[in-house]
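1. Please work out how this folds:
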Amino acid sequence: MAGINRRDFTKLTFGAVLATGLAAPAIVKARTPINMILNWRYQGPQSWFFLAQDRGYFEEEGIAVTMDQGSGSGAAVTQVAGGAYDVGFGDINALTQLRAQRDEDTPLGVYMLYNRPPFTVGVLSSSDIHTPQDLEGRLLGGAPNDGALRLFPAFASITELDTSTIDITNFQPNLREQMLRSGQVDGVFGFVNTIRFSALLSGMNPDEDIRFIRYGDYGMDLYSNALIASRALINDHPEAVRGLVRAVNRGLIDTLADPDAGIAAVAQREPLIDREVEKMRLMATLRDEMSHPEIADIGIGDISPQRFAEAIDIVVAANDLPRSPDVGEVFSRDFLPPEDERVRDLG
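-> Next comes the predicted model:
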C-alpha cells in the first residue's frame, strides 16, 4: 500500500465494488397506493379487477391497489367524492347527479364497463304487475344506495308514473329477495343480474318466479358502472390512473379468455361463493350489461359522446337538477388504452 493514502484507498475500493457489480442495492421506486371501493360484495363480475391484481398488472404499472367490498354502485360514487377512496366502481348516473349539483370538482369516470342499463324493478311472476303503470299503488323496496332506486324518479318521469301513490321502504341488500318472495313488498329495485342470481342462490328460479320491468325498455338508454377516480388522484398522479385503466383492461381481456380463472380469483377473496352461480352471473353481465352495439366501433372503456350527453339530459330532466353538466365534467377519455387494445367483441 506504499504511496496510497487512506482517501485514495477508499476511492479504489469503492471503484472495485462498482466494477464487479456489487454496489449497494438498487433503489426501488415506491408504488403509488390506490384505495378502491367496489360496487358490491365479491362476485363474478369483478373478475377482471382480481386477475389484474393476481397477475401483477398493477405492480407492472407502478401502483399498489387495495380493494374493498362495496355497498352499492351509488355509494361507491359518494365514497370517492367524500375522499374515503381514490377510485370506485360506481354508477355514472349517480356521478352525473352529483356533478349537476356541485360547482367544485367531483370525481371523473375514466373507464366505462357497463354500457347498457341494468336497472330494473323485479316483481313476482305470479303478480298482476306487468307494466310501469301497474306499480302505482304498490309498496316497493330496495337498499338506500341502490342505483335503480336512485334512478327511479327518472324512470317515473319518463313513464309518467304517479309516484304519490307508490310507497318505498328501505332494507339491507341481503334481504331483497326474501322481502320479494315473502310478499312483504310488491317489487324490488336492483340490477337485473344481481337480483336474478341472488334469487337463484336463495332457492328461487328467477326465470320462472321473477318478472323484470327494465328501465332500458322504456327509453332510458343509460350507461351504468364505470371506474371513477378522484380529482386528487387525477391531478397528482395521472400516470397512476392510466396505469390502473391499462391493468384493468388487461384483466378484462384475460377474463374473456378464461372465465374460470376469473372466478377462481374471486374465490380467493371469498371462498364461500358458489363458483357455478358466479360464473353464470359473470357471463350474464357480459351479455346483458356490457354488450352495447357501440363497442364494435369504440371498444369497452370508451363512450359515445352524443349518447352520453343524451343520458346526462335524461338524468338531469327527470330529477329536476339545476344544470346539465358537459360530458367532460363527468367522464374523461384521456386515460383510455389505445383503440387497438380495447375489447370490441365479447365472444
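2. low-scoring stretches of the stretch 1-150 of the chain, by residue?
-> Scanning the stretch 1-150 of the chain with the threshold set as pLDDT under 70 gives 1-29.
3. residue ranges of the helices in it, please?
-> Secondary structure of the stretch 1-150 of the chain, counting by DSSP state H, counting those that start in this stretch: helices at 6-19, 47-54, 57-60, 73-81, 92-101, 147-150.
4. contacts for the fourth one?
-> It stands for helix 73-81. Helix 73-81 has contacts (Cβ atoms under 8 Å, 6 or more residues apart in numbering) with 37-40, 70, 85-91, 94-95, 98, 106-107, 145-147, 150, 191, 224-225, 228-230. Any C-beta I mention is one placed from the backbone N, CA and C, and that applies to glycine too.
5. Residue 136: which of the helices of the stretch 1-150 of the chain is closest?
-> helix 147-150 (16.9 Å; Cβ to Cβ).
6. Could you name the helices and strands sitting against the following helix or strand past that closest one?
-> The helix or strand immediately downstream of helix 147-150 is helix 152-159, counting by DSSP states H and E. Packing partners of helix 152-159 (3 or more Cβ pairs under 8 Å, 6 or more residues apart in numbering; DSSP states H and E): helix 305-318.
7. Please point out which parts of the helix it packs on sit buried.
-> 307, 308, 309, 311, 312, 314, 315, 316, 318 (16 or more other Cβ atoms under 10 Å).
8. CSV for those residues, including pLDDT and distance to residue 198?
-> Formatted as CSV, the buried residues of helix 305-318 follow (pLDDT from 0 to 100; distance: Cβ to Cβ, whole Å):
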residue, pLDDT, distance to residue 198
307, 97, 30
308, 98, 29
309, 98, 34
311, 96, 27
312, 97, 30
314, 91, 27
315, 92, 26
316, 94, 31
318, 81, 27
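9. Going by distance to residue 239, which of these wins?
-> residue 308 (25.0 Å).
10. Which pLDDT does the model give the closest residue to that closest one other than its chain neighbours?
-> Nearest residue to residue 308 in three dimensions, chain neighbours excluded: residue 327, at 5.2 Å (Cβ to Cβ, 6 or more residues apart in numbering). Predicted confidence (pLDDT) for residue 327: 98.
11. Quick check, residue 327 in contact with residue 312.
-> Yes. Residue 327 lies in contact with residue 312 (Cβ atoms under 8 Å); the separation is 7.0 Å.
12. which residues touch the spatially closest residue to residue 303 that is not a sequence neighbour?
-> Distances taken as Cβ to Cβ, 6+ apart place residue 112 nearest to residue 303, at 5.2 Å, with adjacent residues excluded. Contacts for residue 112 were tallied using Cβ under 8 Å, 6+ apart; they are 92, 223, 226, 300, 301, 302, 303, 331.
13. The nearest residue to the second one once chain neighbours are set aside: how many residues sit nearby?
-> Among residues not flanking residue 223 along the chain, residue 92 sits closest, at 5.1 Å (Cβ to Cβ, 6+ apart). Summarising burial for residue 92: neighbours were counted as other Cβ atoms under 10 Å, giving 29.
14. before we move on, what about residue 244?
-> Neighbour count of residue 244, defined by other Cβ under 10 Å: 29.
15. now stretch 284-299, how far from the centre of its chain.
-> 15 Å (Cα atoms, centre = their mean, to the nearest Å).
16. Now that stretch: buried residues?
-> Buried positions in stretch 284-299, judged by neighbour count with 16+ other Cβ under 10 Å: 284, 285, 286, 288, 289, 290, 291, 292, 294, 295, 298, 299.
17. what's the closest of these to residue 266?
-> Looking across those and measuring by Cβ to Cβ, the closest to residue 266 is residue 285, at 12.6 Å.
18. Would you confirm that that closest one contacts residue 48?
-> No. Between residue 285 and residue 48 there is no contact under Cβ under 8 Å: 10.9 Å.
19. between the two, what contacts are shared?
-> Joint contacts of residue 285 and residue 48 (Cβ under 8 Å, 6+ apart) do not exist.
20. What residues does residue 240 make contact with?
-> Counting by Cβ under 8 Å, 6+ apart, residue 240 touches 32, 34, 61, 62, 63, 233.
21. The spatially most central residue of the chain pairs with what?
-> Computing the C-alpha centroid of the chain and ranking residues by Cα atoms, centre = their mean puts residue 89 first, at 2.9 Å. In this entry, residue 89 is beta-bridged to residue 227, by DSSP bridges.
22. Hmm, it is touching residue 37, no?
-> Yes. Using Cβ under 8 Å, residue 89 is in contact with residue 37, at 7.4 Å.
23. overlap in contacts of these two?
-> By Cβ under 8 Å, 6+ apart, the residues touching both residue 89 and residue 37 are 70, 76.
24. Kindly tell me how buried residue 216 is, as a neighbour count.
-> 17.
25. Give me the distance between residue 165 and residue 133.
-> With distances taken as Cβ to Cβ, to the nearest Å, residue 165 is found 11 Å from residue 133.
26. And residue 179, how close does it get to residue 129?
-> Noted for residue 179: a distance of 15 Å to residue 129, by Cβ to Cβ.
27. Now do the contacts for the residue nearest to residue 223.
-> Here residue 92 is in contact with 109, 112, 223, 224, 225, 226, 228, 330, 331 (criterion: Cβ under 8 Å, 6+ apart).
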